[in-house]
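**Student:** Generate coordinates for the sequence data below:
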Amino acid sequence: MEENQVQKYNVCAIISFVCSLIGLFKYGIIFGIASLVLGIIGVKKCKKDNEKGKWMAVVGIVLGIIEIIYFIFVVALAVSIFSYNSAL
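**Tutor:** This next block holds a predicted model:
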């Protein structure tokens, strides 16, 4: 890499990070899946193209997984509560 060349941020990593932050407050499953997929793409492209922003992609992956697990937990809890109430 030349000294004059400036390292760019990876766009997928930035979008993954932003989607994961939005998913914490609204539409967790949709933004969680988007941040997970874009985060994986961002990490791969950061390594391949030597771009900055790998930490944003990793945070997007972690928060995306947390949002997906939280959604599954809430749905499972709701199903168990409704099935318990209908059994009575």
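
**Student:** The protein: helices as residue ranges?
**Tutor:** Chain-ordered helices for the chain, with DSSP state H as the definition, fall at 11-23, 28-49, 54-87.

**Student:** Where does pLDDT dip in the chain?
**Tutor:** Low-confidence regions of the chain, defined by pLDDT under 70, span residues 1-4, 85-88.

**Student:** Would you tell me which one of the helices of the chain is buried the most?
**Tutor:** Mean neighbour counts were taken over these using mean count of other Cβ atoms under 10 Å, and the top value, a mean of 21, falls to helix 11-23. C-betas here are computed from N, CA, C, even on glycine.

**Student:** So which other helices or strands are in contact with that helix?
**Tutor:** helix 28-49, helix 54-87 (3 or more Cβ pairs under 8 Å, 6 or more residues apart in numbering; DSSP states H and E).

**Student:** Just want the angle from the last one to helix 28-49.
**Tutor:** Going back to what we said before, that points to helix 54-87. Using axes from the mean of the first three to the mean of the last three Cα atoms, to 10 degrees, the interaxial angle of helix 54-87 with respect to helix 28-49 works out to 160 degrees.
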